[in-house]
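1. Below are the sequence and a predicted model for it; my questions follow.
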There are 2 protein chains.
Amino acid sequence: MRPDDTEGTTLAGDGAAALAWVERYLERVGELPVLARVEPGKIRASLPAHPPEKGEPFANVLRDLDDVLLPGLTHWQSPRFFAYFATCASEPAILAELLAAGLNNVGILWRTSPALQELEELTLAWLAELFGLPAGWHGQLEDGASLSTLAALAAARHARPGHEVVVCSEHSHSSVEKACRLLGLEIRKVPADEEFRLRPDALDLTGACAVVATVGTTSTTSVDPVAPIADACEREGAWLHVDAAYAGSAMVCPELRWAFDGVERADSVVVNPHKWLLTAQGCSALWTRRPDALREAFSLVPEYLRTPDDVSSFSEYGPALGRGFRALQLWAVLRCFGREGLQASIRTAVALAESFESWVREEPGWELSAPRPFSVVCFRRDASDETNEELLGRVNARGDVFLSHTKLQGRYVLRLAVGNLRTTEDDVRTAWDVLREEAARVGS
Amino acid sequence: MRPDDTEGTTLAGDGAAALAWVERYLERVGELPVLARVEPGKIRASLPAHPPEKGEPFANVLRDLDDVLLPGLTHWQSPRFFAYFATCASEPAILAELLAAGLNNVGILWRTSPALQELEELTLAWLAELFGLPAGWHGQLEDGASLSTLAALAAARHARPGHEVVVCSEHSHSSVEKACRLLGLEIRKVPADEEFRLRPDALDLTGACAVVATVGTTSTTSVDPVAPIADACEREGAWLHVDAAYAGSAMVCPELRWAFDGVERADSVVVNPHKWLLTAQGCSALWTRRPDALREAFSLVPEYLRTPDDVSSFSEYGPALGRGFRALQLWAVLRCFGREGLQASIRTAVALAESFESWVREEPGWELSAPRPFSVVCFRRDASDETNEELLGRVNARGDVFLSHTKLQGRYVLRLAVGNLRTTEDDVRTAWDVLREEAARVGS
């Protein structure tokens, strides 16, 4: 009767093989070239152009994962992945994702999965407590910060009709501009100071429905001064959205919480645990102290979703109708690491970045390009942009490490981001050794 | 050095336990009450109000999953889940989700995971072929149909400036209205005919940038006549978006492909494999024959994402910047089932719905409320709305099955949706038996 009799993927047999594959992958990921070394189109061309007529054993999937896909993967789980923001799906997160897929719960209404909804509420409250955010805020999980920011700005637009400008710094994330485009809002970028922070004295809130302050900008992880921005927003009646997608996770450490000064006055805040809090991709936390504004912007309850339960559901607070059991991995991570484990993870990453920063500072011919509040170091060879760009290309081509770049004040700057649980001082030292070796070859 | 030494979740030990948990869950899910039987707030109140200070063993997560969460889960994986659209995360999908979490690849640019991007391109081409869609369309995966439709309508708006109306039937999904709200577009709902299909003669495309035609509406799975709608769109220059979130998966069966007549002329199409094609939540396929319009609506490439690779990336075609490795589960499902396995799964569901429909038709005191093109039966007791509502409440409270409802022509109607791979004729028979038993108790 069951149509899958012919292929018969089993959790016992194939599941054990898949689990062993992941275990072995994480053991050897440090030995693989971090940045994929393939030409565009190569992976696709190595796979059949047409779908199979008959079912195949799951073992074929694992085989092709090794033989065909692996060379085309950039290893985000590598301890020497230092590009963008270094992330890490920890073991509790990986296993919780397995459980979530097995349960395949869909949160639409409360009754479609009370546990999904209530665990999401609870873990968001736990996370707010860990970050020192006010108790009682409404929290929800979105797939990524782009959607969290979209939801927040939709609420802001709704809350202030006739005001169609969003103000942010020139260093704010591209997702702010993307959300504005979708929402038909105008974006006004305010200059930053010499340390890449939004200048409150340059804020012009004419016609503004919202200001986005960034705690941990993408290029340098600079921290916009939230308190004076909150003053301005309160004066003008604009919504304050804080984008702490990366740096928010560091707020689990009291010594770094200066960066959240004033955030308690925000209307909404986004932090991505999938960036620096050991969860797998698909876990962005959004809080608001004005849930009614989100609900008014999003709520639509068609007849087939009306139930006798007197409970509102997350589908009324964001762009999606259904949601996966994202809270499960967040719950597993918060429990298996605890506050102390999370703090240790953040502190290790910050200490490693600090070591790297000190090596750059002390080495002639190199320079630091921005202050380093967290675990990202911006630096460059004291040479032309072309030299720095060539250097980065050579470093990444070697495969030992993967770094990315940005531009600051018109100059090409390298970035080293630490964030993987498996990264040790040896790994960061390797990055520095490779950078110096290749710099010697490039010359200046 | 590693901060997780104290808790030490291991893939070998804890992973085997998690896998065994899922295996056992799927074995016993048919014995659990399908709809959760808890009061709102109960699950949350059963868990600690504050996050743990120290890490705990992963075994505690599994323990609480059983002891605390399980009673609060509505079992979407149950063979007797007949509500909304019945879904099914199959074994290949579940295991691929484990692999995806272990790899934790993030698709931002092509280089951040060439295999992720190219596998997404390939599986979408495979899927298009399986559904009889034209070759060569651009395809991408979004988290859900709400986002796919949002992306399509954003492109439509961009492609036709000054036209700010989206036209759809009164039976279109609420996500169309939600997307319009976000995009600042007006929605114009056109009447449906007596079989709940959009009436092309009632189309008024004045000021319209787009029309949404639905192949498989949410209430009755009715099929809007795409070909005459395409005629009108071509005449007026409006974008045609086809929402086939549910029924699109059935197009793998040639005998059902009449429902896609004219879809080859659409500008964009969405189908959710996570609804009826055996993948886990988070897998919505969007195709367009006008990828440039999506790109123009969404592309933003900040400096830190500029690379020497001459390849565009999915982040330029949708609301998100980064994406998870969603294609992996789709690939695993298409391979492990093959065209034949997918067809068998669809045909089984349709045949079971057909059986149920025949039982309703033949039983005095019951009536069918809409034609049944696929695997959803709309029916009711020949009695008052209140009686039908009470009947549904009693049936769902028993726990044997879970059905949902809708309103058609102002009347309360029950829906039975088949879609789980594990559903057998016995399960559908149970639903019918329970319905008749409870109907006898409610009276009429």
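-> The structure has been received and is ready for your questions.

2. Let me know the secondary structure of the residue in the stretch 201-350 of chain A positioned nearest to chain B.
-> Across the stretch 201-350 of chain A, the shortest distance to chain B (Cβ to the nearest Cβ) belongs to residue A:344, at 3.2 Å. Every C-beta, even on glycine, is put in place using the N, C-alpha and C of the backbone. Under DSSP: H, G, I helix; E, B strand; the rest coil, residue A:344 falls in the helix class.

3. can you list the residues of the stretch 201-350 of chain A near chain B?
-> By the rule Cβ under 8 Å from any Cβ of the partner chain, the part of the stretch 201-350 of chain A lying against chain B is A:218-219, A:280-282, A:297-298, A:300-305, A:308-311, A:319-325, A:329, A:331-332, A:334-342, A:344-345, A:348.

4. List only those of those flagged as buried.
-> A:218-219, A:280-282, A:297-298, A:302, A:304-305, A:319-325, A:329, A:331-332, A:334-342, A:344-345, A:348 (16 or more other Cβ atoms under 10 Å in any protein chain shown).

5. Residue A:401: what's it in contact with?
-> The neighbourhood of residue A:401, defined by Cβ atoms under 8 Å, 6 or more residues apart in numbering or on different chains, consists of A:34, A:80-82, A:395, A:427, A:430-431, A:434.

6. centre of the chain versus stretch A:395-413, how much separation?
-> What separates the centre of stretch A:395-413 from the centre of its chain is 19 Å, taken as Cα atoms, centre = their mean, to the nearest Å.

7. what do you get for stretch A:126-140?
-> Counting by Cα atoms, centre = their mean, stretch A:126-140 comes out at 18 Å from the chain centroid.

8. for stretch A:88-105, same thing?
-> Centre-to-centre, stretch A:88-105 and its host chain are 17 Å apart (Cα atoms, centre = their mean).

9. what does stretch A:59-76 give?
-> What separates the centre of stretch A:59-76 from the centre of its chain is 24 Å, taken as Cα atoms, centre = their mean.

10. Keeping just the C-alphas, turn stretch A:225-244 into PDB.
-> Listed in PDB are the C-alpha atoms of stretch A:225-244, where the atom choice follows Å, rounded to 0.1, in the frame of the first residue of the first chain:
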ATOM      1  CA  PRO A 225      24.500  55.100  20.100                       C
ATOM      2  CA  VAL A 226      21.000  53.900  20.800                       C
ATOM      3  CA  ALA A 227      20.100  56.200  23.800                       C
ATOM      4  CA  PRO A 228      20.400  59.500  22.000                       C
ATOM      5  CA  ILE A 229      18.700  58.000  19.000                       C
ATOM      6  CA  ALA A 230      15.900  56.900  21.300                       C
ATOM      7  CA  ASP A 231      15.600  60.400  22.600                       C
ATOM      8  CA  ALA A 232      15.100  61.700  19.000                       C
ATOM      9  CA  CYS A 233      12.600  59.000  18.200                       C
ATOM     10  CA  GLU A 234      10.600  59.800  21.300                       C
ATOM     11  CA  ARG A 235      10.600  63.400  20.500                       C
ATOM     12  CA  GLU A 236       9.400  62.900  17.000                       C
ATOM     13  CA  GLY A 237       7.100  59.900  17.500                       C
ATOM     14  CA  ALA A 238       9.100  57.600  15.200                       C
ATOM     15  CA  TRP A 239       9.500  53.900  15.700                       C
ATOM     16  CA  LEU A 240      12.900  52.700  16.900                       C
ATOM     17  CA  HIS A 241      14.000  49.400  15.400                       C
ATOM     18  CA  VAL A 242      17.300  48.000  16.700                       C
ATOM     19  CA  ASP A 243      19.200  45.700  14.300                       C
ATOM     20  CA  ALA A 244      21.400  43.600  16.600                       C
END
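
11. Quick check: mean pLDDT of that stretch?
-> In this model, stretch A:225-244 carries a mean pLDDT of 98.

12. and that stretch, which residues are buried?
-> By neighbour count on 16+ other Cβ under 10 Å, the buried set for stretch A:225-244 is A:225-226, A:228-233, A:236, A:238-244.

13. Tell me which entries of those lie within strands.
-> Among the buried residues of stretch A:225-244, the members falling in strands (DSSP state E) are A:239-243.

14. with those residues in mind, which one is nearest to residue A:209?
-> Distance to residue A:209 across those (Cβ to Cβ) is lowest for residue A:239, with 6.1 Å.

15. which stretches of the stretch 251-400 of chain A form strands?
-> Using DSSP state E, counting those that start in this stretch, the strands found in the stretch 251-400 of chain A span residues A:268-271, A:284-288, A:366-368, A:376-381.

16. so what secondary structure elements neighbour the least confident helix or strand in chain A by mean pLDDT?
-> Least confident helix or strand of chain A, by mean pLDDT, DSSP states H and E, is helix A:291-298 with a mean of 92. Packed against helix A:291-298 by the contact rule (3 or more Cβ pairs under 8 Å, 6 or more residues apart in numbering or on different chains; DSSP states H and E) you find helix A:145-159, helix B:174-183.

17. do the helix or strand just after the longest one and chain B meet?
-> Beyond helix A:145-159 on the C-terminal side, the first helix or strand identified by DSSP states H and E is strand A:165-169. No - residues of strand A:165-169 contacting chain B under Cβ under 8 Å from any Cβ: none, with a closest distance of 12.9 Å.

18. follow-up on the earlier one: possible to save the contacts of residue A:401 as a markdown table with neighbour count and pLDDT?
-> Converted to a markdown table, those look like this (neighbours: other Cβ atoms under 10 Å in any protein chain shown; pLDDT from 0 to 100):
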| residue | neighbour count | pLDDT |
| --- | --- | --- |
| A:34 | 25 | 98 |
| A:80 | 26 | 98 |
| A:81 | 30 | 98 |
| A:82 | 32 | 98 |
| A:395 | 23 | 98 |
| A:427 | 20 | 98 |
| A:430 | 17 | 98 |
| A:431 | 23 | 98 |
| A:434 | 19 | 98 |
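
19. For the residue nearest the centre of chain A, list the residues it contacts.
-> For chain A, the residue nearest the mean C-alpha position is residue A:275 (3.5 Å; Cα atoms, centre = their mean). By Cβ under 8 Å, 6+ apart, the residues touching residue A:275 are A:85, A:87, A:245-246, A:249, A:419.

20. List only those of these flagged as buried.
-> Looks like the contacts of residue A:275 have A:85, A:87, A:245-246, A:249, A:419 buried, using 16+ other Cβ under 10 Å.

21. The stretch 51-200 of chain A: helices as residue ranges?
-> For the stretch 51-200 of chain A, the helices defined by DSSP state H, counting those that start in this stretch cover A:58-64, A:91-103, A:114-131, A:145-159, A:174-183.

22. most tightly surrounded among these?
-> Among the helices of the stretch 51-200 of chain A, ranked by average contacts under mean count of other Cβ atoms under 10 Å in any protein chain shown, first place goes to helix A:91-103 (a mean of 29).

23. Show me what it is packed against.
-> Judged by 3+ Cβ pairs under 8 Å, 6+ apart, helix A:91-103 is in contact with helix A:327-362, helix B:13-28, helix B:58-64, helix B:91-103.

24. repeat that with 7 Å
-> Applying 3 or more Cβ pairs under 7 Å, 6 or more residues apart in numbering or on different chains; DSSP states H and E, one finds that helix A:91-103 contacts helix A:327-362, helix B:13-28, helix B:91-103.
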